[in-house]
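Enquirer: could you work out the structure for the sequence below:
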Amino acid sequence: MSAPGTAVRMSYRQAVREGLREALQGDPRVFLMGEDVGRYGGCYAVSKGLLAEFGEERIRDTPLSESAFVGAGIGAALGGMRPIVEIMTVNFSLLALDQILNNAATLSHMSGGQFNVPLVIRMATGAGRQLAAQHSHSLEGWYAHIPGLRIVTPATVEDARGMLAPALVCPDPVLIFEHVGLYNFEAALAAPAPPVDLDHAAVRRSGRDVCLLTYGASLQRCLDAAHQLVEEGIEAEVLDLRTLRPLDDAAIMASVTHCRRAVIVDEGWRSGGLSAEIAARIMEQAFYELDAPVARVCTAEVPIPYPKHLEEAALPNAARIVAAVLRLCGRNPEGAQPAPASVGARAS
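Expert: Numbers count the residues shown, from 1 in each chain. Below you'll find the predicted structure:
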């Protein structure tokens, strides 16, 4: 164990594992269940070694039935346990949607607050690893539509380590979406790990000219784009949303008000997606603070392709983010039309 005050370099995968280990050590009610989480060590090797450390009562391999083991997790939570349910990929969570929506999300409301469901569901989300259309989508925006759930999206090693603990003490179901493209990402983490706030977004880079609103793996893309924009004389602020339900409206509006231009970067689809919800909230709450229309960079409206070059072309990337910012600032990238005149701008 590292001495207090030191920093330890670890991967996102290791950070999630350490969060699981700490939860299992700290509360006998906590257990992990899901497909291949035990002997195989998890589809993404997140739970590797935990079976030998905690035994089969705490690390439970389940049959290939998402509806069944999510339902079992709901029952265990109602019975006083603190289950952590792992679903292999967000696409497979749709097989448990009845349990998540009609049971986990509604029981507290339907019982008049008599029955809480302190359940944590972890799942891999996102594309970038050539896992094709049935394993690669970003559906966290769908779940953010459902009252009764809390939706969190750790984008950093620190959040991957620290979000589980507050999720486990939440009386309502918490869904944690871990992007598959982040598992190998490494960073230095303070020892002991600092507590993580599930209620507030985080400014990951300060700026003055445009705010980039994002979450998950798109955070690094936005930081890369912000670095490139410096060469254009543009200072971009990057806001990591972290929690998608409830959204931190105050942080969003503060960033928009400060920068006066906003680009939402979302790996979900554009139509009816989370980016549309955020854009609508900005229109409702901060319209007169804007110097240009809100812009969005989203995944192409297609099932995620398998070929590498097509998969990369479908996803948001730094180049697309930079182009969107340049258009918003009245530049003309690659022959594109300049952005419209200021919308709702204050008179100078």
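Enquirer: how about the helices in this protein?
Expert: All helices of the chain, identified by DSSP state H, fall at 12-26, 50-54, 66-78, 90-93, 97-99, 107-110, 140-143, 157-162, 164-169, 218-229, 249-259, 274-286, 308-314, 318-328.
Enquirer: and of those helices, who's closest to residue 292?
Expert: Closest approach to residue 292 among the helices of the chain (CB to CB): helix 318-328, 4.9 Å. C-beta coordinates here come from the backbone N, C-alpha and C atoms, glycine included.
Enquirer: show me the one of the helices of the chain that comes nearest residue 33.
Expert: In terms of CB to CB, the element of those nearest to residue 33 is helix 66-78, at 5.8 Å.
Enquirer: report how many residues lie close to residue 330.
Expert: Neighbourhood size, residue 330 [other CB atoms under 10 Å]: 13.
Enquirer: got it, and residue 81?
Expert: Here the number of neighbours of residue 81 (other CB under 10 Å) works out to 16.
Enquirer: go ahead and confirm it touches residue 28.
Expert: No. Residue 81 is beyond contact range of residue 28, at 9.4 Å (criterion: CB atoms under 8 Å).
Enquirer: do you know how far residue 167 is from residue 40?
Expert: In this view, residue 167 and residue 40 are 24 Å apart by CB to CB, to the nearest Å.
Enquirer: below-threshold pLDDT in the stretch 101-250 of the chain: ranges please.
Expert: Within the stretch 101-250 of the chain, no range satisfies pLDDT under 70.
Enquirer: go with 80
Expert: Low-confidence regions of the stretch 101-250 of the chain, defined by pLDDT under 80, span residues 191-195.
Enquirer: so where's the longest strand in the protein?
Expert: Ranked by residue count under DSSP state E, the longest strand found in the chain is strand 262-269.
Enquirer: residues contacting it, please?
Expert: With contacts defined as CB atoms under 8 Å, 6 or more residues apart in numbering, strand 262-269 is touched by 126-127, 138-141, 179, 210-218, 221-222, 255-256, 273-275, 278-279, 282, 290, 294-299, 301, 315-316, 321, 324-325, 328.
Enquirer: now, of these, which are buried?
Expert: Burial by neighbour count, 16 or more other CB atoms under 10 Å: within those this picks out 126-127, 138-141, 179, 210-218, 221-222, 255-256, 273-275, 278-279, 282, 290, 294-299, 315-316, 321, 324-325, 328.
Enquirer: what sits against the residue nearest to the spatial centre of the chain?
Expert: For the chain, residue 153 is the residue whose C-alpha lies nearest the centre (CA atoms, centre = their mean; 2.1 Å). Applying CB under 8 Å, 6+ apart to residue 153 gives the contacts 140, 176, 177, 179, 215, 216, 241, 242, 243, 244.
Enquirer: hmm, the fourth one is touching residue 215, no?
Expert: Looking back up the chat, that one is residue 179. No. Applying CB under 8 Å, one finds residue 179 not in contact with residue 215, separated by 9.1 Å.
Enquirer: now do the shared contacts for these two.
Expert: 153, 155.
Enquirer: ok so, going back, now the residue nearest to the centre of the chain: how far from residue 29?
Expert: In terms of CB to CB, residue 153 sits 25 Å off from residue 29.
Enquirer: contact partners for residue 328?
Expert: Neighbouring residues of residue 328 by CB under 8 Å, 6+ apart: 210, 261, 263, 292, 293, 295, 339.
Enquirer: can you flag which of those residues belong to strands?
Expert: The strands, defined by DSSP E, take in 210, 263, 295 from the contacts of residue 328.
Enquirer: tally of neighbours for the second one?
Expert: The tally of other residues near residue 263 (other CB under 10 Å) stands at 26.
Enquirer: quick check: closest non-adjacent residue to it.
Expert: For residue 263, ignoring the flanking residues on the chain, the nearest one in space by CB to CB, 6 or more residues apart in numbering is residue 295 at 4.6 Å.
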